[in-house]
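Enquirer: okay, predicted coordinates and the sequence, questions at the end:
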Amino acid sequence: MAALTGLERVSAPAPAARTRPRVWRGVVFLLSAVYFLIPLGASLWYTIYTPGSGVSLAAYGELLTAEGFLQSLALSLGLAVATIVMVLLLALPAMLAVRLFAPRLRVVMEVLCTLPLVVPPITFVAGIGTSLRTGTEVLAPTPFWGTIIAVQNPAFPVVLVLAYVVLVLPFVYRSLDSGLRTMDVRTLVEAARNLGASWPYLLFRVIVPNLRSALASASFLTLALVLGEYTVASLLGYQPFAVWIVTVSGSKGQLSVAVSILSLVLIWLLLLAVSTVFGRQRFGKEKGK
């Protein structure tokens with residue numbers, strides 16, 4: 001009985017110890033919510049309240065009729081889709097090739113992919129502008145002059161897509177690298193190749209389904225960067241969504257803040273939808289097992 005009593009006395013504090021991490025998690029979650037929600041609430045109040053006239057949703061009603069809103073939003077979404085496709089087509093095959101055939105180059109590739117983080121955006125844009133001006137002058141007597149003019153078309157500036165691919169490359173690399181670390185790439189490739197799968201089939205039907213979460217994370221990081229990027233587009237003379245917001249803010253402050261809030265809510269909803277879909281897929285696989 002003494003031994004049993006001693007065991008009960010020793011094990012009694014265990015439930016209290018377990019509740020401590022939960023309390024700390026709750027405190028951290030509460031502080032994070034206050035940190036994010038108070039500025040967001042203040043911005044929302046600014047958009048709906050006007051001294052002298054009271055509460056009104058007129059700022060949100062002006063969005064659809066505001067000049068340049070739909071055009072700039074469509075341009076940013078198009079640039080985002082093109083950037084996502086290009087950066088994934090460049091990064092994923094290269095990372096797979098390094099892992100399978102040249103593992104010693106992983107460090108070199110990691111350094112090259114994270115290098116844009118240490119380059120100031122102003123310097124980056126200055127280099128792009130100088131290259132475009134010099135390229136236009138050098139290629140003027142050649143047939144390639146039309147190409148360098150076409151990539152600067154204001155309707156869809158391909159030069160912005162190329163710049164965004166470089167800017168988002170470090171984040172895409174980290175997302176894909178974390179996804180590749182969770183799977184045995186070499187075993188999957190060898191098994192698929194032994195069964196007669198071609199390399200395109202192997203990439204899109206074997207590797208990509210196992211990297212859904214990593215690909216979704218990389219895609220939404222790219223989407224967030226393109227929708228919020230201002231420096232490159234502004235200095236190069238284009239007007240996507242972020243530049244339009246800053247332009248409008250000079251004359252219509254409530255409208256620009258309302259657009260910012262709606263874009264933030266839209267990104268949150270997309271992230272929530274993706275996390276819900278992947279959570280259901282993971283739960284279904286575990287249930288099937």
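Expert: Cool, got the structure. Numbering: from 1, shown residues only.

Enquirer: my guess is residue 149 contacts residue 139. True?
Expert: No: using Cβ atoms under 8 Å, residue 149 is not in contact with residue 139, being 9.2 Å away. Using the backbone N, CA and C atoms, a C-beta is placed for each residue, glycine as well.

Enquirer: and residue 49, what are its phi and psi?
Expert: phi -120, psi 130 (degrees, to the nearest 10).

Enquirer: check the one 5 residues further on too.
Expert: Comment: the main-chain dihedrals of residue 54 come out as phi 90, psi -160, following degrees, to the nearest 10.

Enquirer: just give me the neighbour total for residue 205.
Expert: Residue 205: 12 surrounding residues under other Cβ atoms under 10 Å.

Enquirer: contacting residues around it?
Expert: Neighbour list for residue 205: residue 197 [criterion: Cβ atoms under 8 Å, 6 or more residues apart in numbering].

Enquirer: just the pLDDT for it.
Expert: On the pLDDT scale, residue 205 is placed at 86.

Enquirer: grab the nearest non-local neighbour of residue 169.
Expert: Among residues not flanking residue 169 along the chain, residue 113 sits closest, at 5.2 Å (Cβ to Cβ, 6 or more residues apart in numbering).

Enquirer: ok, then the element right after the helix or strand the one you found falls within?
Expert: Using DSSP states H and E, residue 113 falls within helix 106-114. Later in the chain than helix 106-114, the nearest helix or strand by DSSP H and E is helix 121-138.

Enquirer: how about residues contacting the next helix or strand after that following helix?
Expert: Downstream of helix 121-138, the first helix or strand assigned by DSSP H and E is helix 145-150. The contact list for helix 145-150, computed with Cβ under 8 Å, 6+ apart, reads 132, 135, 136, 139, 158.
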